[in-house]
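# Give me coordinates for this.
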Amino acid sequence: MTTSHTLVSAADLETMRTRGDVLIVDARFDLADPGKGERDYAAAHVPGAVYAHLDRDLSDLGKRGLGRHPLPDDAAFSAALSRWGWRRDLDVVVYDDANGALAAARLWWLLRLAGHERVAVLDGGFAAWKAGGYPLESGIVVRTATDTRVVLDRDEVVWFDELEARRAAHGVLLLDARAAPRFRGEVEPIDPVAGHVPDAVNRAFSENLDTSGRFKPAAELRREFETLLGGRTAREVVHMCGSGVTACHNLLAMEQAGLAGSRVFAPSWSGWIADPERAVAQG
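Next up is the predicted model:
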């Protein structure tokens, strides 16, 4: 069993790996080069890890108007889990090389939507594993497939109608995980429109991390998020980012801080601006 449903250390993962009771998933991804993560995985990864591709396994790029990384359908996500040999009695540990933001936290969140609580992100990611001197292997891992069927709890996802209604009623704290210059609209390297949803608050996912690339202590994260909440409950918080991926990092950080119940606006900024009638703020 994992000692946490949020984060595990490299040392804990090595213990779990040697016991053989964990499914390890490598979710490295580079937005500028979508094939890089998979190539890096084939060159070197945590022994026994399977690979999850953000575009193919954790998204459905065929959907329109729902942002750059729409959620996969239940059948497609079930097929990916089956291919990885996932079972409900397994612990799962996910890692990437972006401190959890691309795309370990995304898979952590999807598994939670599928009702799987026994999942954690490797704190510090692949860099922490290598820094600890733990073993590596190359090639492609193929596990014994399972017959898996899961249903993503879409009631735990925020969509356009709910967000609009809650914004109108001033009943939401919308936290945007993008870097501050993108949030302010000073730069926009990915999406066709710069800026942010009016009344959103910037909480760049990088603020969850210390200088080593690991998550800050839970008590420190709790103080920081409670300052942002200003007396609101975690359930009043909705996370977003560019496409619903790094938003999961803030959700993970809040869970690590003991502030459970926030949710993700899955279409995020790229979905918001798909309709030119929606308001855009800058600055």
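# just the strands in the stretch 151-283 of the chain please.
Using DSSP state E, counting those that start in this stretch, the strands of the stretch 151-283 of the chain run over 157-158, 173-176, 201-202, 237-240, 263-265.
# Figure out which of these is closest to I140.
strand 263-265 (30.5 Å; Cβ to Cβ). For every residue, glycine as well, the C-beta is placed using N, CA and C.
# Can you tell me the closest non-neighbouring residue to D21?
Excluding its sequence neighbours, the residue lying closest to D21 (Cβ to Cβ, 6 or more residues apart in numbering) is D91, at 6.4 Å.
# Bridged to that neighbour, which residues?
As for beta bridges, D91 partners with V22 under DSSP bridges.
# That one touches I24, doesn't it?
No. Contact between D91 and I24 fails when scored by Cβ atoms under 8 Å: they sit 9.4 Å apart.
# What is the burial count for the nearest residue to L259 once chain neighbours are set aside?
Counting by Cβ to Cβ, 6+ apart, L259 lies nearest to A234, which is 4.3 Å off, once chain neighbours are set aside. The number of residues packed around A234, counting by other Cβ atoms under 10 Å, is 19.
# re earlier: quick check, pLDDT for the residue nearest to D21.
D91 is assigned a predicted lDDT (pLDDT) of 96.
# Tell me how far it lies from R19.
Noted for D91: a distance of 10 Å to R19, by Cβ to Cβ, to the nearest Å.
# Name the residue in these two with the higher neighbour count.
Neighbours per residue (other Cβ under 10 Å) separate D91 from R19, with D91 holding more: 20 against 9.
# Looking at R182 now. What's its pLDDT?
98.
# Help me confirm that it comes into contact with C241.
No. Applying Cβ under 8 Å as the test, R182 and C241 come out as separate, 9.3 Å apart.
# Between the two, which is the more surrounded one?
More neighbours surround C241 than the other of R182 and C241, with 28 against 22 (other Cβ under 10 Å).
# what's the spacing between the more buried one and F205?
With the distance defined as Cβ to Cβ, C241 ends up 7 Å from F205.
# what residues are shared contacts of these two?
Common contacts of C241 and F205 (Cβ atoms under 8 Å, 6 or more residues apart in numbering): A177.
# that older thread, which among the strands of the stretch 151-283 of the chain is found nearest to V119?
strand 263-265 (15.6 Å).
# State the mean pLDDT of the closest one.
For strand 263-265, mean pLDDT rounds to 98.
# From the contact counts, what lies against it?
strand 157-158, strand 237-240, helix 247-256 (3 or more Cβ pairs under 8 Å, 6 or more residues apart in numbering; DSSP states H and E).
# Could you export these as JSON lines, including mean neighbour count, mean pLDDT and distance to A104?
Below are those laid out as JSON lines (neighbours: other Cβ atoms under 10 Å; pLDDT from 0 to 100; distance: least, Cβ to Cβ, whole Å):
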{"stretch": "strand 157-158", "mean neighbour count": "20", "mean pLDDT": "98", "distance to A104": "19"}
{"stretch": "strand 237-240", "mean neighbour count": "26", "mean pLDDT": "98", "distance to A104": "16"}
{"stretch": "helix 247-256", "mean neighbour count": "27", "mean pLDDT": "98", "distance to A104": "9"}
